[in-house]
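[1] Compute the structure for the input listed below.
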Amino acid sequence: MSSLVRSESSSRVWNTYVKVMCLCPQECSYWPLSSRTVKEMKAREYCNGSALNHDHRYHQKKQINDAQLSKQDESTSSILGSLGKGLRNVDLIDGRLAKVDDNSVVYDVRIRHEMQEFKRSAQNVIASRLPMQNSWALNDSVQHSLLSEPSERDSITFDSLKVVSEYLRLSVQQRRLVRKAISRQVIQYDNWRKALEELVRQLDTDLKAIDKPSEVLQVGKEATARCTQLFRKSLHLSETPSWVKLTSDKKVHVPTAKWGDILELFEVISDALRGVETLKFYVTKINGMKEGLCHIKDVQLDNNISLQQMHDRQSFVKHKLSQNLGYTSNCLFTLLIFYLFQSIGTIKVDMAGELYGGRDDNPYICMGEIITSADKKMLWRAIKHLDKALSLVKFIYETADMRKSLKLEGHVWTVATQENMLEYRGNSFFIHGIESK
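    Purely as a prediction, here's the structure:
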(Lines give C-alpha, C1' and ligand atoms only; values in the text may rest on other atoms or scores of the structure.)
Protein backbone atom coordinates (compact mmCIF):
# COMPACT_ATOMS: atom_id res chain seq x y z
CA MET A 1 0.00 0.00 0.00
CA SER A 2 1.25 3.45 -0.81
CA SER A 3 -0.22 6.90 -0.24
CA LEU A 4 -0.20 10.03 -2.33
CA VAL A 5 -0.95 13.56 -1.08
CA ARG A 6 -2.35 16.16 -3.42
CA SER A 7 -2.94 19.84 -2.67
CA GLU A 8 -5.76 22.01 -3.99
CA SER A 9 -4.99 25.67 -3.28
CA SER A 10 -8.35 26.96 -4.48
CA SER A 11 -10.42 25.16 -1.86
CA ARG A 12 -7.79 25.05 0.95
CA VAL A 13 -8.92 21.46 1.65
CA TRP A 14 -6.35 18.74 1.93
CA ASN A 15 -7.26 15.35 0.54
CA THR A 16 -5.30 12.18 0.70
CA TYR A 17 -5.48 9.48 -1.86
CA VAL A 18 -4.69 6.01 -0.77
CA LYS A 19 -3.61 3.63 -3.43
CA VAL A 20 -4.96 0.19 -2.65
CA MET A 21 -3.38 -2.68 -4.50
CA CYS A 22 -5.91 -5.20 -5.65
CA LEU A 23 -5.43 -8.89 -6.26
CA CYS A 24 -4.10 -8.01 -9.66
CA PRO A 25 -0.97 -5.87 -9.25
CA GLN A 26 -1.65 -4.07 -12.53
CA GLU A 27 -4.92 -2.68 -11.29
CA CYS A 28 -5.31 -0.09 -8.59
CA SER A 29 -7.84 2.43 -7.36
CA TYR A 30 -7.59 5.80 -5.56
CA TRP A 31 -9.96 6.63 -2.67
CA PRO A 32 -10.15 10.26 -1.43
CA LEU A 33 -10.11 10.79 2.35
CA SER A 34 -11.64 13.84 4.06
CA SER A 35 -9.62 16.22 6.25
CA ARG A 36 -11.54 14.95 9.31
CA THR A 37 -10.36 11.39 8.64
CA VAL A 38 -6.80 12.61 8.28
CA LYS A 39 -6.97 14.32 11.65
CA GLU A 40 -8.29 11.13 13.19
CA MET A 41 -5.43 9.15 11.66
CA LYS A 42 -2.85 11.65 12.93
CA ALA A 43 -4.40 11.56 16.39
CA ARG A 44 -4.29 7.77 16.34
CA GLU A 45 -0.64 7.79 15.31
CA TYR A 46 0.12 10.27 18.10
CA CYS A 47 -1.61 8.08 20.65
CA ASN A 48 0.23 4.99 19.46
CA GLY A 49 3.50 6.82 19.60
CA SER A 50 2.90 8.16 23.11
CA ALA A 51 1.42 4.97 24.59
CA LEU A 52 4.75 3.66 25.77
CA ASN A 53 5.64 7.02 27.29
CA HIS A 54 2.28 7.19 29.09
CA ASP A 55 2.64 3.61 30.36
CA HIS A 56 6.14 4.41 31.62
CA ARG A 57 4.90 7.52 33.43
CA TYR A 58 2.03 5.49 34.97
CA HIS A 59 4.35 2.83 36.39
CA GLN A 60 6.78 5.48 37.57
CA LYS A 61 3.95 7.30 39.35
CA LYS A 62 2.71 3.98 40.81
CA GLN A 63 6.18 3.21 42.17
CA ILE A 64 6.27 6.65 43.82
CA ASN A 65 2.81 6.09 45.32
CA ASP A 66 3.82 2.64 46.58
CA ALA A 67 6.92 4.14 48.19
CA GLN A 68 4.82 6.88 49.78
CA LEU A 69 2.31 4.30 51.06
CA SER A 70 5.16 2.23 52.46
CA LYS A 71 6.53 5.26 54.33
CA GLN A 72 3.04 6.16 55.48
CA ASP A 73 2.51 2.56 56.66
CA GLU A 74 5.75 2.67 58.67
CA SER A 75 4.78 6.04 60.14
CA THR A 76 1.32 4.76 61.07
CA SER A 77 2.80 1.64 62.65
CA SER A 78 5.11 3.83 64.70
CA ILE A 79 2.12 5.85 65.90
CA LEU A 80 0.29 2.64 66.76
CA GLY A 81 3.25 1.46 68.80
CA SER A 82 3.41 4.65 70.84
CA LEU A 83 -0.37 4.80 71.34
CA GLY A 84 -0.49 1.12 72.21
CA LYS A 85 1.99 1.56 75.05
CA GLY A 86 -0.11 4.29 76.63
CA LEU A 87 -3.33 2.30 76.24
CA ARG A 88 -1.92 -1.07 77.24
CA ASN A 89 -4.30 -1.67 80.15
CA VAL A 90 -7.39 -0.02 78.62
CA ASP A 91 -10.01 -1.40 76.29
CA LEU A 92 -13.22 -0.11 74.72
CA ILE A 93 -15.73 -2.95 74.90
CA ASP A 94 -19.50 -3.01 75.34
CA GLY A 95 -19.61 0.76 74.89
CA ARG A 96 -17.49 1.40 78.00
CA LEU A 97 -13.85 2.49 78.14
CA ALA A 98 -12.56 0.50 81.09
CA LYS A 99 -9.40 -0.87 82.67
CA VAL A 100 -8.86 -4.52 81.92
CA ASP A 101 -7.57 -5.37 85.41
CA ASP A 102 -10.57 -4.29 87.50
CA ASN A 103 -13.17 -3.31 84.83
CA SER A 104 -13.36 0.22 86.26
CA VAL A 105 -14.52 2.97 83.90
CA VAL A 106 -11.96 5.45 82.53
CA TYR A 107 -13.44 8.97 82.43
CA ASP A 108 -10.48 10.71 80.78
CA VAL A 109 -11.74 12.11 77.46
CA ARG A 110 -8.18 12.34 76.11
CA ILE A 111 -7.66 8.59 76.58
CA ARG A 112 -10.96 7.89 74.84
CA HIS A 113 -9.90 9.98 71.83
CA GLU A 114 -6.51 8.26 71.74
CA MET A 115 -8.24 4.88 71.72
CA GLN A 116 -10.43 5.94 68.81
CA GLU A 117 -7.37 7.22 66.93
CA PHE A 118 -5.53 3.96 67.61
CA LYS A 119 -8.34 1.85 66.16
CA ARG A 120 -8.74 4.09 63.08
CA SER A 121 -5.00 3.94 62.36
CA ALA A 122 -4.96 0.19 62.90
CA GLN A 123 -7.78 -0.28 60.41
CA ASN A 124 -5.75 1.59 57.76
CA VAL A 125 -2.70 -0.62 58.31
CA ILE A 126 -4.79 -3.79 58.32
CA ALA A 127 -6.49 -2.77 55.06
CA SER A 128 -3.11 -2.43 53.33
CA ARG A 129 -2.10 -5.97 54.31
CA LEU A 130 -5.33 -7.91 53.79
CA PRO A 131 -4.55 -8.89 50.15
CA MET A 132 -1.54 -10.83 51.47
CA GLN A 133 -3.67 -12.77 53.99
CA ASN A 134 -6.29 -14.66 51.98
CA SER A 135 -6.00 -18.07 53.64
CA TRP A 136 -8.48 -17.44 56.45
CA ALA A 137 -11.68 -18.68 54.85
CA LEU A 138 -13.40 -21.63 56.47
CA ASN A 139 -14.80 -22.64 53.09
CA ASP A 140 -12.03 -23.05 50.51
CA SER A 141 -14.55 -23.12 47.65
CA VAL A 142 -15.47 -19.51 48.27
CA GLN A 143 -13.18 -17.16 46.39
CA HIS A 144 -14.18 -13.99 48.24
CA SER A 145 -11.37 -12.53 50.35
CA LEU A 146 -12.40 -11.93 53.93
CA LEU A 147 -12.66 -8.33 55.15
CA SER A 148 -11.53 -7.09 51.73
CA GLU A 149 -14.23 -4.44 51.26
CA PRO A 150 -14.15 -1.13 53.17
CA SER A 151 -17.66 -1.75 54.54
CA GLU A 152 -16.45 -5.05 56.03
CA ARG A 153 -13.66 -3.25 57.89
CA ASP A 154 -15.96 -0.63 59.40
CA SER A 155 -17.19 -1.01 62.95
CA ILE A 156 -20.76 -2.10 63.61
CA THR A 157 -22.99 -1.72 66.65
CA PHE A 158 -25.70 -4.31 67.16
CA ASP A 159 -28.40 -2.37 69.01
CA SER A 160 -31.63 -3.67 67.46
CA LEU A 161 -33.08 -6.68 65.68
CA LYS A 162 -33.16 -4.56 62.53
CA VAL A 163 -29.37 -4.20 62.46
CA VAL A 164 -28.79 -7.94 62.88
CA SER A 165 -31.42 -8.80 60.27
CA GLU A 166 -29.89 -6.44 57.73
CA TYR A 167 -26.50 -7.98 58.48
CA LEU A 168 -27.92 -11.44 57.72
CA ARG A 169 -30.01 -10.15 54.79
CA LEU A 170 -33.22 -11.67 56.16
CA SER A 171 -36.43 -11.49 54.19
CA VAL A 172 -39.54 -9.68 55.45
CA GLN A 173 -41.14 -13.00 56.38
CA GLN A 174 -38.06 -14.11 58.30
CA ARG A 175 -37.94 -10.80 60.18
CA ARG A 176 -41.52 -11.24 61.31
CA LEU A 177 -40.72 -14.74 62.47
CA VAL A 178 -37.68 -13.49 64.41
CA ARG A 179 -39.54 -10.66 66.13
CA LYS A 180 -42.40 -12.94 67.20
CA ALA A 181 -40.09 -15.67 68.51
CA ILE A 182 -37.78 -13.22 70.33
CA SER A 183 -40.67 -11.42 72.01
CA ARG A 184 -42.11 -14.69 73.26
CA GLN A 185 -38.76 -15.70 74.77
CA VAL A 186 -37.33 -12.51 76.28
CA ILE A 187 -40.40 -10.51 77.32
CA GLN A 188 -40.85 -12.15 80.69
CA TYR A 189 -41.41 -10.15 83.87
CA ASP A 190 -38.40 -11.62 85.67
CA ASN A 191 -36.11 -10.94 82.69
CA TRP A 192 -37.49 -7.39 82.41
CA ARG A 193 -36.94 -6.55 86.08
CA LYS A 194 -33.49 -8.14 86.34
CA ALA A 195 -32.28 -6.31 83.22
CA LEU A 196 -33.32 -2.95 84.70
CA GLU A 197 -31.78 -3.80 88.06
CA GLU A 198 -28.50 -4.69 86.36
CA LEU A 199 -28.51 -1.41 84.42
CA VAL A 200 -29.07 0.60 87.60
CA ARG A 201 -26.52 -1.42 89.58
CA GLN A 202 -23.80 -0.96 86.96
CA LEU A 203 -24.51 2.76 86.60
CA ASP A 204 -24.51 3.24 90.38
CA THR A 205 -21.12 1.51 90.65
CA ASP A 206 -19.56 3.66 87.92
CA LEU A 207 -20.97 6.90 89.35
CA LYS A 208 -19.63 6.12 92.81
CA ALA A 209 -16.15 5.83 91.30
CA ILE A 210 -16.21 9.53 90.35
CA ASP A 211 -14.36 11.44 93.09
CA LYS A 212 -15.60 14.97 92.50
CA PRO A 213 -18.83 14.94 90.49
CA SER A 214 -20.26 18.20 89.19
CA GLU A 215 -23.51 19.59 90.53
CA VAL A 216 -25.51 18.22 87.59
CA LEU A 217 -23.78 14.85 87.83
CA GLN A 218 -24.54 14.72 91.53
CA VAL A 219 -28.26 14.99 90.69
CA GLY A 220 -27.93 11.95 88.43
CA LYS A 221 -26.01 10.14 91.13
CA GLU A 222 -28.75 10.74 93.68
CA ALA A 223 -31.49 9.68 91.24
CA THR A 224 -29.61 6.44 90.55
CA ALA A 225 -29.28 5.77 94.27
CA ARG A 226 -33.04 6.36 94.64
CA CYS A 227 -33.72 3.76 91.91
CA THR A 228 -31.57 1.29 93.81
CA GLN A 229 -33.58 1.92 96.97
CA LEU A 230 -36.90 1.40 95.17
CA PHE A 231 -35.78 -1.92 93.76
CA ARG A 232 -34.46 -3.00 97.15
CA LYS A 233 -37.65 -2.04 99.02
CA SER A 234 -39.88 -3.70 96.44
CA LEU A 235 -38.16 -7.01 97.15
CA HIS A 236 -38.96 -6.80 100.90
CA LEU A 237 -41.39 -9.52 101.97
CA SER A 238 -43.58 -9.66 105.06
CA GLU A 239 -43.45 -12.51 107.55
CA THR A 240 -45.95 -14.47 105.46
CA PRO A 241 -44.48 -15.25 101.99
CA SER A 242 -46.52 -13.70 99.19
CA TRP A 243 -46.70 -16.92 97.22
CA VAL A 244 -48.83 -18.59 99.93
CA LYS A 245 -51.23 -15.65 100.30
CA LEU A 246 -54.65 -15.75 98.67
CA THR A 247 -55.03 -11.99 99.02
CA SER A 248 -52.67 -9.19 99.97
CA ASP A 249 -52.54 -7.62 103.45
CA LYS A 250 -55.03 -4.75 103.84
CA LYS A 251 -54.55 -3.79 107.47
CA VAL A 252 -52.48 -0.71 106.75
CA HIS A 253 -52.53 1.19 103.47
CA VAL A 254 -48.99 1.97 102.46
CA PRO A 255 -48.31 3.74 99.12
CA THR A 256 -46.44 1.35 96.92
CA ALA A 257 -43.93 2.22 94.25
CA LYS A 258 -44.82 1.83 90.59
CA TRP A 259 -42.81 1.48 87.43
CA GLY A 260 -43.80 5.08 86.71
CA ASP A 261 -41.56 6.14 89.60
CA ILE A 262 -38.60 4.45 87.92
CA LEU A 263 -39.55 6.19 84.66
CA GLU A 264 -39.45 9.62 86.34
CA LEU A 265 -36.06 8.90 87.87
CA PHE A 266 -34.76 7.70 84.49
CA GLU A 267 -35.81 11.05 83.02
CA VAL A 268 -33.73 12.84 85.67
CA ILE A 269 -30.72 10.56 85.13
CA SER A 270 -30.86 10.97 81.35
CA ASP A 271 -30.91 14.77 81.60
CA ALA A 272 -28.05 14.79 84.13
CA LEU A 273 -25.73 12.48 82.18
CA ARG A 274 -26.46 13.74 78.67
CA GLY A 275 -23.49 16.10 78.60
CA VAL A 276 -20.93 13.60 79.91
CA GLU A 277 -19.22 11.91 76.96
CA THR A 278 -17.86 8.98 78.95
CA LEU A 279 -21.38 8.13 80.18
CA LYS A 280 -23.22 8.30 76.84
CA PHE A 281 -23.50 4.52 76.92
CA TYR A 282 -25.82 4.75 79.94
CA VAL A 283 -27.85 7.59 78.43
CA THR A 284 -28.51 5.46 75.36
CA LYS A 285 -29.50 2.45 77.44
CA ILE A 286 -31.74 4.44 79.79
CA ASN A 287 -33.52 6.18 76.91
CA GLY A 288 -34.08 2.79 75.31
CA MET A 289 -35.59 1.26 78.45
CA LYS A 290 -37.86 4.28 78.90
CA GLU A 291 -39.73 3.03 75.85
CA GLY A 292 -40.89 -0.01 77.79
CA LEU A 293 -41.49 1.84 81.04
CA CYS A 294 -43.96 4.20 79.35
CA HIS A 295 -46.35 1.31 78.70
CA ILE A 296 -46.38 -0.13 82.25
CA LYS A 297 -45.94 3.00 84.39
CA ASP A 298 -49.10 2.27 86.38
CA VAL A 299 -48.03 -1.28 87.28
CA GLN A 300 -47.07 -1.93 90.89
CA LEU A 301 -43.36 -2.48 91.49
CA ASP A 302 -43.58 -4.35 94.82
CA ASN A 303 -43.34 -8.11 95.00
CA ASN A 304 -45.25 -8.23 98.31
CA ILE A 305 -48.50 -9.20 96.60
CA SER A 306 -50.65 -12.31 96.33
CA LEU A 307 -50.02 -15.11 93.90
CA GLN A 308 -53.01 -14.11 91.74
CA GLN A 309 -51.92 -10.48 91.63
CA MET A 310 -48.41 -11.53 90.65
CA HIS A 311 -49.75 -13.72 87.85
CA ASP A 312 -51.98 -10.91 86.58
CA ARG A 313 -49.08 -8.46 86.65
CA GLN A 314 -46.80 -10.78 84.69
CA SER A 315 -49.46 -11.35 82.05
CA PHE A 316 -50.21 -7.65 81.74
CA VAL A 317 -46.56 -6.63 81.42
CA LYS A 318 -45.88 -9.33 78.83
CA HIS A 319 -48.91 -8.33 76.79
CA LYS A 320 -48.16 -4.60 76.82
CA LEU A 321 -44.46 -4.94 75.99
CA SER A 322 -45.01 -7.59 73.31
CA GLN A 323 -47.60 -5.37 71.69
CA ASN A 324 -45.60 -2.12 71.75
CA LEU A 325 -41.91 -3.00 71.46
CA GLY A 326 -41.28 -3.00 67.73
CA TYR A 327 -38.67 -4.50 65.47
CA THR A 328 -36.32 -1.49 65.82
CA SER A 329 -36.76 -1.21 69.61
CA ASN A 330 -33.57 -0.76 71.64
CA CYS A 331 -35.54 -1.86 74.71
CA LEU A 332 -36.47 -5.21 73.16
CA PHE A 333 -32.87 -5.73 72.06
CA THR A 334 -31.52 -4.98 75.55
CA LEU A 335 -33.88 -7.61 76.95
CA LEU A 336 -32.52 -10.06 74.37
CA ILE A 337 -28.89 -9.32 75.30
CA PHE A 338 -29.65 -9.81 78.99
CA TYR A 339 -31.56 -13.00 78.23
CA LEU A 340 -28.60 -14.45 76.29
CA PHE A 341 -25.59 -13.13 78.21
CA GLN A 342 -26.86 -11.73 81.53
CA SER A 343 -25.39 -8.31 80.66
CA ILE A 344 -26.74 -5.04 79.29
CA GLY A 345 -23.64 -3.95 77.39
CA THR A 346 -23.74 -2.73 73.80
CA ILE A 347 -22.27 -5.24 71.35
CA LYS A 348 -19.94 -3.32 69.05
CA VAL A 349 -17.10 -4.86 67.01
CA ASP A 350 -14.28 -3.00 65.28
CA MET A 351 -14.55 -4.85 61.95
CA ALA A 352 -18.03 -5.93 60.92
CA GLY A 353 -17.25 -8.49 58.24
CA GLU A 354 -20.39 -9.96 56.69
CA LEU A 355 -22.25 -13.16 55.86
CA TYR A 356 -19.92 -14.94 53.42
CA GLY A 357 -20.67 -17.80 51.09
CA GLY A 358 -24.33 -16.91 50.63
CA ARG A 359 -27.23 -18.15 52.71
CA ASP A 360 -27.54 -21.39 50.71
CA ASP A 361 -23.90 -22.35 50.14
CA ASN A 362 -22.06 -23.22 53.37
CA PRO A 363 -22.47 -19.78 54.98
CA TYR A 364 -20.04 -18.44 57.54
CA ILE A 365 -19.41 -15.18 59.38
CA CYS A 366 -16.11 -13.43 60.05
CA MET A 367 -15.63 -10.46 62.41
CA GLY A 368 -12.57 -8.63 63.75
CA GLU A 369 -11.47 -6.82 66.90
CA ILE A 370 -8.49 -4.51 67.50
CA ILE A 371 -6.72 -4.35 70.87
CA THR A 372 -3.71 -2.43 72.15
CA SER A 373 -1.58 -5.27 73.50
CA ALA A 374 -1.20 -9.05 73.42
CA ASP A 375 -1.61 -9.30 77.18
CA LYS A 376 -3.30 -12.61 77.97
CA LYS A 377 -6.17 -11.07 79.90
CA MET A 378 -6.88 -8.46 77.23
CA LEU A 379 -6.58 -11.02 74.44
CA TRP A 380 -9.10 -13.39 76.00
CA ARG A 381 -11.41 -10.50 76.75
CA ALA A 382 -11.40 -9.59 73.05
CA ILE A 383 -12.00 -13.22 72.04
CA LYS A 384 -14.95 -13.54 74.43
CA HIS A 385 -16.37 -10.26 73.14
CA LEU A 386 -16.12 -11.48 69.54
CA ASP A 387 -17.67 -14.77 70.56
CA LYS A 388 -20.58 -12.87 72.09
CA ALA A 389 -21.17 -10.92 68.88
CA LEU A 390 -20.88 -14.05 66.74
CA SER A 391 -23.20 -16.00 69.06
CA LEU A 392 -25.80 -13.23 68.90
CA VAL A 393 -25.83 -13.26 65.10
CA LYS A 394 -25.99 -17.05 65.05
CA PHE A 395 -28.92 -17.02 67.48
CA ILE A 396 -30.90 -14.70 65.18
CA TYR A 397 -29.83 -16.79 62.18
CA GLU A 398 -31.18 -19.98 63.75
CA THR A 399 -34.33 -18.23 64.99
CA ALA A 400 -35.02 -17.20 61.38
CA ASP A 401 -35.23 -20.93 60.59
CA MET A 402 -32.22 -20.99 58.27
CA ARG A 403 -31.56 -24.51 57.07
CA LYS A 404 -27.80 -24.36 56.51
CA SER A 405 -25.38 -24.65 59.43
CA LEU A 406 -23.61 -21.35 60.11
CA LYS A 407 -19.87 -21.36 60.82
CA LEU A 408 -18.20 -18.61 62.86
CA GLU A 409 -14.71 -17.13 62.69
CA GLY A 410 -13.02 -14.29 64.59
CA HIS A 411 -9.85 -12.25 64.09
CA VAL A 412 -7.96 -10.18 66.66
CA TRP A 413 -5.30 -7.65 65.66
CA THR A 414 -2.81 -6.34 68.20
CA VAL A 415 0.60 -4.67 68.35
CA ALA A 416 3.79 -6.75 68.67
CA THR A 417 2.58 -10.32 68.53
CA GLN A 418 3.09 -13.49 66.51
CA GLU A 419 0.49 -15.04 64.21
CA ASN A 420 -1.53 -17.58 66.15
CA MET A 421 -4.85 -19.42 66.19
CA LEU A 422 -6.95 -20.25 69.25
CA GLU A 423 -10.10 -22.32 69.70
CA TYR A 424 -12.91 -21.08 71.95
CA ARG A 425 -16.31 -22.76 72.29
CA GLY A 426 -15.80 -24.64 69.03
CA ASN A 427 -14.89 -21.55 66.97
CA SER A 428 -11.54 -20.47 65.49
CA PHE A 429 -9.97 -17.13 66.45
CA PHE A 430 -6.91 -15.90 64.54
CA ILE A 431 -4.40 -13.56 66.18
CA HIS A 432 -2.53 -11.11 63.91
CA GLY A 433 0.21 -8.53 64.46
CA ILE A 434 -0.21 -4.94 63.24
CA GLU A 435 3.44 -3.83 63.27
CA SER A 436 5.18 -3.18 59.94
CA LYS A 437 7.12 -6.00 58.39
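[2] all contacts plus neighbour counts: C-alpha atoms, from now on.
    Fine.
[3] where along the stretch 301-437 of the chain do the strands fall?
    Taking DSSP state E, counting those that start in this stretch as the criterion, the stretch 301-437 of the chain carries its strands at 347-349, 351-356, 364-370, 407-414, 420-424, 427-433.
[4] With mean pLDDT, distance to D312 and mean neighbour count as added columns, please give those in JSON lines.
    Shown next, in JSON lines, are those (pLDDT from 0 to 100; distance: least, Cα to Cα, whole Å; neighbours: other Cα atoms under 10 Å):
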{"stretch": "strand 347-349", "mean pLDDT": "92", "distance to D312": "34", "mean neighbour count": "21"}
{"stretch": "strand 351-356", "mean pLDDT": "90", "distance to D312": "43", "mean neighbour count": "22"}
{"stretch": "strand 364-370", "mean pLDDT": "91", "distance to D312": "43", "mean neighbour count": "24"}
{"stretch": "strand 407-414", "mean pLDDT": "92", "distance to D312": "42", "mean neighbour count": "23"}
{"stretch": "strand 420-424", "mean pLDDT": "93", "distance to D312": "43", "mean neighbour count": "12"}
{"stretch": "strand 427-433", "mean pLDDT": "92", "distance to D312": "43", "mean neighbour count": "19"}
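[5] Please identify which of these is closest to S329.
    Within these, the stretch nearest S329 is strand 347-349; the backing value is 15.1 Å (Cα to Cα).
[6] can you put the strands of the stretch 301-437 of the chain in TSV and add distance to F395?
    Formatted as TSV, the strands of the stretch 301-437 of the chain follow (distance: least, Cα to Cα, whole Å):
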stretch	distance to F395
strand 347-349	14
strand 351-356	14
strand 364-370	13
strand 407-414	12
strand 420-424	17
strand 427-433	15
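[7] Out of these, flag the one nearest Y189.
    strand 347-349 (23.4 Å).
[8] What strands line up against the closest one, and which way round?
    strand 156-158 (antiparallel) (DSSP bridges).
[9] who's in contact with the partner strand?
    Residues from elsewhere that reach strand 156-158 (Cα atoms under 8 Å, 6 or more residues apart in numbering): 164, 346-352.
[10] Turn these into CSV, columns for distance to H432.
    Formatted as CSV, the contacts of strand 156-158 follow (distance: Cα to Cα, whole Å):
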residue, distance to H432
V164, 26
T346, 25
I347, 22
K348, 20
V349, 16
D350, 14
M351, 14
A352, 17
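[11] Of those residues, which is the nearest to S214?
    T346 (26.2 Å).
[12] From A127, how far off is the closest one?
    T346 sits 25 Å away from A127 when distances are taken as Cα to Cα, to the nearest Å.
[13] out of those two, which sits in the busier spot?
    Neighbour comparison, T346 and A127: the larger count goes to T346, with 21 against 14 (by other Cα atoms under 10 Å).
[14] I'd say the more buried one and L97 touch.
    No - if you go by Cα atoms under 8 Å, T346 and L97 don't touch, sitting 12.0 Å apart.
[15] nearest residue to M289 other than its sequence neighbours?
    C331 (4.9 Å; Cα to Cα, 6 or more residues apart in numbering).
[16] Help me confirm that the one you found comes into contact with C294.
    No - C331 is beyond contact range of C294, at 11.4 Å (criterion: Cα under 8 Å).
[17] Span of stretch 369-383 from start to end?
    Using Cα to Cα, the end-to-end distance of stretch 369-383 comes to 8 Å.
[18] For it, which residues meet the burial criterion?
    By 16 or more other Cα atoms under 10 Å, the buried positions in stretch 369-383 come out as 369-374, 378-379, 381-383.
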